[in-house]
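Colleague: Fold the following and give me the result.
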Amino acid sequence: MTAPPTLADVVSVLEGLYPPSTAEGWDAVGLVAGDPYRPVRRVLLAVDPVAAVVDEAVDWEADLVVTHHPLFLRGVHSVAATTFKGAVVHRLLAAGAGLYVAHTNADSAPRGVADALADLVGLADRRPLVAHVDDAERGLGRVGRLEHPTTLREFAEHVAAVLPATAQGVRVAGDPDAEVTRVAVLGGSGDSLFDAVRAAGADAYLTADLRHHPASELRERAAFEAADPAPGEAGTPFLVDVAHFASEWPWLAYAAADLAAAFEEGTVTTRVSTLVTDPWSDRIASPGH
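Modeller: Residues are numbered from 1 along each chain as shown. This is a model prediction of the structure:
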């Protein structure tokens, strides 16, 4: 029987898929906890390193948890189990499991967060929305065309159907009957890339965490430049805003498959967590809307 890889072996594969050097400067990626010499047979992949994911990892007897979001994005002076983040580390280590984070380096990678989202909504002839200087295939977001033009309403309905269900659902800004052909996508918080979306000539922008003022100004500018008499109802890009968790979850299947394929068949088993770790639990619609 072939011996399982060590945690160091698995980390090497992950860093080949998602080089830490391609993460944003403010990010915190890589191995958070774990003994590099311990064997790894089971890897659980999830968006968030939260208590419910730890429960799943412990119950499944995972040797490693790979998450998209960092547990420690800023420096800390203690990982004592008296804090909720310290408790995550202690519970994982007590169960013999490590923790690894691939965040903005996974956002930009081929078959990363952006590609997974673009594949899910059917974007062809695509390229990074903001490419890395030294790699035309790597970068933040993706922009491409739909195989068949559709309306903004139909596109948003498709997005709602293929992404994990969340309390937020899908929010839309723009004329629901307007035609959509060219689409930009970005998993996670996306209003910092509005200028790139405009420069790419996208009809619609699918992303998450859109704030009031940036979204309002984008739509007002679009309507003004389209010389339309009804601000907010015309001009591109239109906006399709989904839950942050939902926009990044599709990547986990790619990461699970690519990690397992790097080792001899049967030595490493991967599992994608289906827990919805979006923090919002319910939504009450306004009466009559």
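Colleague: Direction included, what does the longest strand that the chain contains pair against?
Modeller: When the chain is parsed with DSSP state E, its longest strand is strand 135-151. Here strand 135-151 is paired, per DSSP bridges, with strand 123-132 (antiparallel), strand 179-189 (antiparallel).
Colleague: Beyond that strand, next helix or strand please.
Modeller: helix 152-162 (DSSP states H and E).
Colleague: So which bits of that next one are buried?
Modeller: Buried positions in helix 152-162, judged by neighbour count with 16 or more other C-beta atoms under 10 Å: Leu152, Phe155, Ala156, His158, Val159, Ala160. In short, each C-beta sits where N, CA and C put it, glycine included.
Colleague: Report the angle between it and strand 135-151.
Modeller: Comparing the axes of helix 152-162 and strand 135-151 via axes from the mean of the first three to the mean of the last three C-alpha atoms, to 10 degrees yields an angle of 120 degrees.
Colleague: helices and strands around helix 152-162, which ones?
Modeller: Under the contact criterion of 3 or more C-beta pairs under 8 Å, 6 or more residues apart in numbering; DSSP states H and E, helix 152-162 touches helix 113-121, strand 170-173, strand 179-189, strand 204-208, strand 238-242.
Colleague: winner for burial among the ones you listed?
Modeller: Of the helices and strands packed on helix 152-162, the one with the most neighbours on average (mean count of other C-beta atoms under 10 Å) is strand 204-208, at a mean of 28.
Colleague: Kindly format the C-alpha coordinates of that strand as CSV.
Modeller: This file holds the C-alpha atoms of strand 204-208, laid out as CSV (Å, rounded to 0.1, in the frame of the first residue of the first chain):
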residue,chain,number,x,y,z
ALA,A,204,-23.5,43.2,-16.3
TYR,A,205,-21.2,42.6,-13.3
LEU,A,206,-21.7,39.7,-11.0
THR,A,207,-20.1,40.1,-7.6
ALA,A,208,-20.8,40.4,-3.9
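Colleague: gap between Asp175 and Gly169?
Modeller: Distance from Asp175 to Gly169, counting by C-beta to C-beta, to the nearest Å: 19 Å.
Colleague: And Gly86, by the same measure?
Modeller: Here the criterion is C-beta to C-beta. By it, Gly86 lies 34 Å from Gly169.
Colleague: Is it correct that Val242 is in contact with Val159?
Modeller: Yes: using C-beta atoms under 8 Å, Val242 makes contact with Val159 at a distance of 6.4 Å.
Colleague: Which strands and helices lie in contact with the longest helix anywhere in the chain?
Modeller: In terms of residue count, the longest helix belonging to the chain (DSSP state H) is helix 212-225. Judged by 3+ C-beta pairs under 8 Å, 6+ apart, the packing partners of helix 212-225 are helix 194-199, strand 238-242.
Colleague: Which positions in it come out as buried?
Modeller: For helix 212-225, by 16+ other C-beta under 10 Å, it's Ala215, Leu218, Arg219, Ala222, Ala223.
Colleague: Also stretch 138-153?
Modeller: Buried residues in stretch 138-153 (16+ other C-beta under 10 Å): Arg138, Gly139, Leu140, Gly141, Arg142, Val143, Gly144, Arg145, Leu146, Thr150, Leu152.
Colleague: what ranges do the strands span in the stretch 1-150 of the chain?
Modeller: 30-33, 42-46, 64-67, 98-101, 123-132, 135-151 (DSSP state E, counting those that start in this stretch).
Colleague: For Ala52, which of those strands is the nearest?
Modeller: strand 42-46 (9.0 Å; C-beta to C-beta).
Colleague: Spit out the contact partners of Thr270.
Modeller: Arg42, Val43, Leu44, Leu45, Ala256, Ala257, Leu259, Ala260 (C-beta atoms under 8 Å, 6 or more residues apart in numbering).
Colleague: Buried among those residues? Make that a PyMOL selection.
Modeller: Buried residues within the contacts of Thr270, by 16+ other C-beta under 10 Å, are selected in PyMOL with:
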select buried, resi 42+43+44+45+256+259+260
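Colleague: how about CSV for the contacts of Thr270, with distance to Gly30 and pLDDT added?
Modeller: Shown next, in CSV, are the contacts of Thr270 (distance: C-beta to C-beta, whole Å; pLDDT from 0 to 100):
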residue, distance to Gly30, pLDDT
Arg42, 20, 98
Val43, 15, 98
Leu44, 18, 98
Leu45, 16, 98
Ala256, 19, 98
Ala257, 21, 98
Leu259, 15, 98
Ala260, 20, 97
